[in-house]
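[1] quick one, structure for this:
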Amino acid sequence: MKMYSLLALLFAITFCTNAQKINSLKTLINETNLIKNADFETGTMDGWRHWRTKFSSVVKEPFSGNYALRVGPERAFCNQEFNVRGNALYQLSAYVKTESGAEEIQMIISNYGGAAKSVTSSLTAYSKVTMDFQTAFSIDSIMISFVHPSGAGSAYVDHIELIYEGEAPKPDLQV
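    The predicted structure is shown next:
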């Protein structure tokens, strides 16, 4: 009888430990569909704004598919605002490149409930840039921007992806 009790106890401990490990894994949800025309495969700027500049267009120089966004030459911007979940953890990524390597392309996230965040690349071959961020509790939309600050060449953006990584942790309030 004691042997069965000991085996049952060992099984319960093992089962509970494994269940905790399984429950602690993140459930990643691809929410790229929240970004309109995230792969530019419409062949148009549909969903994207090129504010105060005429230097953003969709061209046939993709990372994947048929089209990519070209930002530049000279100073150029392109952005989109879209809905997200409040109090959530996200990862935003895109494949970017520049023509000469002497200039840069910036991926910027703003209006998410914190200071604007950016990542920059000057590579001449497509490379993936990634940014993690947490939306504020009261936020329901954010803005992503791609900026070519200056230079005679252009930069390219393709295959933008937004991954929902789960609800943000509860704040640890100290009294």
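
[2] so what's residue 155 up against?
    The contact partners of residue 155, by C-beta atoms under 8 Å, 6 or more residues apart in numbering, come to 70, 71, 72, 96, 97, 98, 99, 103, 104, 105, 146, 148. Bear in mind the C-beta positions are built from the backbone N, C-alpha and C, glycine included.

[3] give me the number of residues near the first one?
    Spelled out, that is residue 70. Using other C-beta atoms under 10 Å, residue 70 has 22 neighbouring residues.

[4] backbone dihedrals for it, please?
    phi -110, psi 130 (degrees, to the nearest 10).

[5] for it, which non-adjacent residue is closest in space?
    Nearest residue to residue 70 in three dimensions, chain neighbours excluded: residue 59, at 4.6 Å (C-beta to C-beta, 6 or more residues apart in numbering).

[6] for burial, what's the neighbour tally of the one you found?
    Close neighbours of residue 59, defined as other C-beta under 10 Å, add up to 13.

[7] now do residue 79 against residue 36, distance only.
    Taking C-beta to C-beta, to the nearest Å as the measure, residue 79 falls 12 Å from residue 36.

[8] joint contacts of those two?
    Any residue near both residue 79 and residue 36 by C-beta under 8 Å, 6+ apart counts here, and that gives residue 48.

[9] higher neighbour count, the two?
    Neighbour totals were compared for residue 79 and residue 36, and residue 79 leads with 16 against 12 (other C-beta under 10 Å).

[10] in the sheet, who's paired with that one?
    residue 49, residue 145 (DSSP bridges).

[11] roughly how far is the longest strand along the chain from the heart of the chain?
    Taking DSSP state E as the criterion, the chain has its longest strand at strand 155-167. Mean C-alpha position of strand 155-167 versus that of the full chain (C-alpha atoms, centre = their mean, to the nearest Å) differs by 3 Å.

[12] following the helix or strand of the chain with the lowest mean pLDDT, which helix or strand comes up?
    Least confident element among the helices and strands of the chain, by mean pLDDT, DSSP states H and E: helix 2-24 (a mean of 45). On the C-terminal side of helix 2-24, the nearest following helix or strand under DSSP states H and E is strand 29-30.

[13] how about low-confidence regions in the protein?
    When residues are selected by pLDDT under 70, those of the chain lie in 1-27, 51-53.

[14] nearest the middle, which residue of it would you pick?
    Nearest residue to the geometric centre of the chain (C-alpha atoms, centre = their mean): residue 92, 0.6 Å.
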